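# Just a sequence and a predicted model for now, questions to come.
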Amino acid sequence: MTSAITPDFAGVAALMHDETITHSLVKDVALPSGKTLALLTLDNGLDHRKPTTLGPNGLIELHAALQVQAQRAKNGEIHALAITGKPYFLIAGADLSAVTRLSAPSQAAAMATLGHQAYDLLADLGVPTFAFINGLALGGGLEIALACTYRTVSTAAGALGLPEGFLGLIPGWAGVYRLPRLVGPENGLKVMIENPLNNNRTLSGPAAFKMGVADAIFEPADFIEHSIAFADGVLTGAHEVKRPNAVDPTDPEVARRWLDAADAAEKFVDAKLSGAAPAPYKVLEVFRKGLTLTQKESAQLEIEALTGLMNTAQFQNTVYAFLDLVQKRGKRPAGAPDAKLARPVTKVGVVGAGLMASQLALLFVRRLSVPVVITDLDRSRIDKGLAYIHGEIDKLHAKGRMSQDAVNRAKALVSGSVTKEAFADADFVIEAVFEELNVKKQVFAEVEAVVSPECVLATNTSSLSVTEMGRDLRHPERLVGFHFFNPVAVMPLLEIASTEWTSDAALSTAFVLGKALKKTTVRTEDSAAFVVNRVLLRLMSEVQAAFDEGTDAHTADTALAPMGLPMTPMTLLAMVGLPVAQHVNESLNAAFGERFAVSQNLQNLVDAKITSLWVADEHDAQILNPEAAKLMSFGDKPSTKEQILIRVQDALAQEIGLLLAEGVVAEAADVDLCMITGAGWPMHLGGITPYLDQVGASERVNGKKFNN
């Protein structure tokens, strides 16, 4: 048994006088076999809108409760202990708002040690322990389950994972040690490295069971009852637990797999971050060393790592970006009208049947479960769009994310028509046609002729004026910008643009709908390219200009590596598509002038239908596309990587300063939120405006910081 918590730890806990404590509530359950199970429920006493987390005081209470149960186990009063949570949650992890207050290394070390003391006691209680994972289990929530001897999981448990590498920390309560031994090193690193750095993905209950995180899986309606019966079966020997993915690191073959998995994961991190953030590398360091260590020895490494990482700029930046922006501001968008003004949406129309339109239709039918009708010029295009939607639904079913009944309902709700008469009873119609103003104006004229006066009209334009689209409408007050990012199912951001005419009812409907679609909504005024594309195109324009001026392609493309962006500018250019990027840049040039210079080199590539500046050579290394090189001409003023980085930083500070001065969004925080959720701006930089403050660009260009 671990030692009692020292007064030093209690002193750290005293700093958290306003902590929402997750209590450890214990009751005895008489099992059918005659044995006694102590059931410990973690509950903060609040409803499901307030997730349970573990701060210092909660950990102290957990440790004290487990000490009592350990003594009872020693006395023969209980034969097992199980941990579960309040509805929808096991534990959402450590209390990050509390962790950010621990400014001294000794305080950070105390917080890390508190978790180990409680979890190690759970792992060595003297009787078998069970985790009944009834809901979300992230970070310390999954680690508390891993400390138990056995685990069950609910099919409705929607988010299991170890996201610490994404947040600027490591799984510091033995997750790095225990998880890969349970599910194999490859799976362990998928949960600790790959998922967090891929937009913080998590595991569903079924996926966690399939991986081997849990030993049994049950439906939510009677999850606790079945889990208790499972525990009784394990205790009596009626249930034999098999773990085919579990490994023994002392096996030479496992040791080889372990190190190979670490090498592969490090390459993945390099590709994502280019060394710009320390936490994922620290996870890998502890993972590698843990191969030959005991759990107690690994614990000391974890405590040391957490102590160091809690005091890094990366962690502070990430907590601001994640908690203050994504979790708080993202759920309470600035400038959104009262939700009570929103009109009900019982049917959606989508103009277009191309890829973007089909993605939108799929999202609407999945999230809203209302009829969705797509239209296009001919039946073949509609059939192609419907085939895409049906195919994506089938893929979701194959992955276990939709039941067969849900598949049947979704497919039945989507239809197509060659006439816009199908929109007559729609409450919301969005266009996703070619990015040309006159085309979109014609579309809205045709739609307005058939829909009710209350129907909200929306455009998915990325760069055109919403105001101009509505100028000739009979009811321009119903029109909103409703700009999604590609791929629609993955990218969280939805920019909602209003014009001088947009009514509060139409705008409220757009925001309520965006929330129902599970998107992060940000209100913008109608301004060319809104926020994300304007900022991104300014960045890409500066890199393109340096390239055109004579900087070699590799230098230009890698100059921004210190930012740790999700992809290089030229890779992003190829992904967006050269014609699309050039078209948006032309729109921005028309709106804002030579800050967005139109590259003749890029136009030459568009005219020649060349899709990428990069190709692979015989050694699979990236080189400048020889066909592209023949079509371009360059100046004689090359720049260094350092010069380009500063040039881009200053350009971004200027553009964001102008954007805010124009009132495109309410505050700098909205620019940060847009760039994080719409462009994958790294959270470890704390948002784009804090980054520009930290590197001095804000003061160099604007004479002041964006944030005080």
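Okay, I see it. Just so we're clear, the structure is a prediction, and the values are computed from it rather than from any experiment. Numbering: from 1, shown residues only.

# Residue 651 should be in a strand, yeah?
No: assignment of residue 651 by DSSP: H, G, I helix; E, B strand; the rest coil gives helix, placing it outside any strand.

# what's the pLDDT at it?
On the pLDDT scale, residue 651 is placed at 98.

# gap between the closest residue to it other than its chain neighbours and residue 468?
Nearest non-adjacent residue to residue 651, counting by C-beta to C-beta, 6 or more residues apart in numbering: residue 542, 4.7 Å away. Quick note: C-beta positions are derived from backbone N, CA and C, even for glycine. Shown here: residue 542 relative to residue 468, a distance of 28 Å by C-beta to C-beta, to the nearest Å.

# higher neighbour count, the two?
Between residue 542 and residue 468, counted using other C-beta atoms under 10 Å, the more crowded position is residue 542 (26 against 14).

# Could you count how many residues lie near residue 240?
7.

# now swap in residue 695 and tell me
Residue 695: 18 surrounding residues under other C-beta under 10 Å.

# Let me know the outermost residue of the protein.
residue 75 (47.0 Å; C-alpha atoms, centre = their mean).

# Residue 285 versus that one, what's the distance?
Residue 75 is 42 Å from residue 285, by C-beta to C-beta.

# Quick one: classify the residue nearest the centre of the chain as helix, strand or coil.
The centroid of the chain falls nearest to residue 199 when counting by C-alpha atoms, centre = their mean (3.7 Å). Classification of residue 199 using three-state DSSP returns coil.

# How about it, nearest residue that isn't a chain neighbour?
Counting by C-beta to C-beta, 6+ apart, residue 199 lies nearest to residue 490, which is 6.8 Å off, once chain neighbours are set aside.

# show me where pLDDT drops low in the stretch 1-150 of the chain?
Applying pLDDT under 70 to the stretch 1-150 of the chain picks out residues 1-11, 13, 103.

# Where do the helices of it begin and end?
7-14, 56-75, 96-99, 105-123, 140-146 (DSSP state H, counting those that start in this stretch).

# list the contacts for residue 52?
When contacts are counted by C-beta atoms under 8 Å, 6 or more residues apart in numbering, residue 52 is found next to 22, 42-44, 85-86, 89-92.

# try it again with 6 Å
Listed by C-beta atoms under 6 Å, 6 or more residues apart in numbering, the contact set of residue 52 reads 22, 42, 44, 85, 89, 91.

# Dump those into a markdown table; add neighbour count as well.
A markdown table is the format used below for the contacts of residue 52 (neighbours: other C-beta atoms under 10 Å):
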| residue | neighbour count |
| --- | --- |
| 22 | 28 |
| 42 | 24 |
| 44 | 21 |
| 85 | 26 |
| 89 | 26 |
| 91 | 29 |
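
# and which of the residues you listed is nearest to residue 342?
Lowest distance from residue 342 to the contacts of residue 52 (C-beta to C-beta) belongs to residue 89, with 29.0 Å.

# was I right about the closest one contacting residue 134?
No: applying C-beta atoms under 6 Å, one finds residue 89 not in contact with residue 134, separated by 7.6 Å.

# Run a quick neighbour tally on residue 285.
17.

# gap between it and residue 291?
For residue 285, the distance to residue 291 equals 11 Å [C-beta to C-beta].

# Over to residue 558?
On the measure of C-beta to C-beta, residue 558 and residue 291 end up 33 Å apart.

# go on, residue 393?
For residue 393, the distance to residue 291 - C-beta to C-beta - is 43 Å.

# now residue 545
Separation of residue 545 from residue 291 (C-beta to C-beta) stands at 48 Å.

# Then residue 546?
Using C-beta to C-beta, residue 546 is found at 45 Å from residue 291.

# Between the two, tell me which one has more neighbours.
A direct count of neighbours by other C-beta under 10 Å for residue 546 and residue 291 places residue 546 higher, at 25 against 17.

# pretty sure the more buried one is in contact with residue 556, am I right?
Yes: under the criterion of C-beta under 6 Å, residue 546 makes contact with residue 556 at 5.2 Å.

# what ranges do the strands span in the stretch 201-350 of the chain?
216-218, 348-351 (DSSP state E, counting those that start in this stretch).

# Just checking: what are the partner strands of the longest one?
Strand 348-351 has these partner strands in its sheet, going by DSSP bridges: strand 372-375 (parallel), strand 428-431 (parallel).

# before we move on, what about the shortest one?
With DSSP bridges as the test, strand 216-218 is paired with strand 150-154 (parallel).
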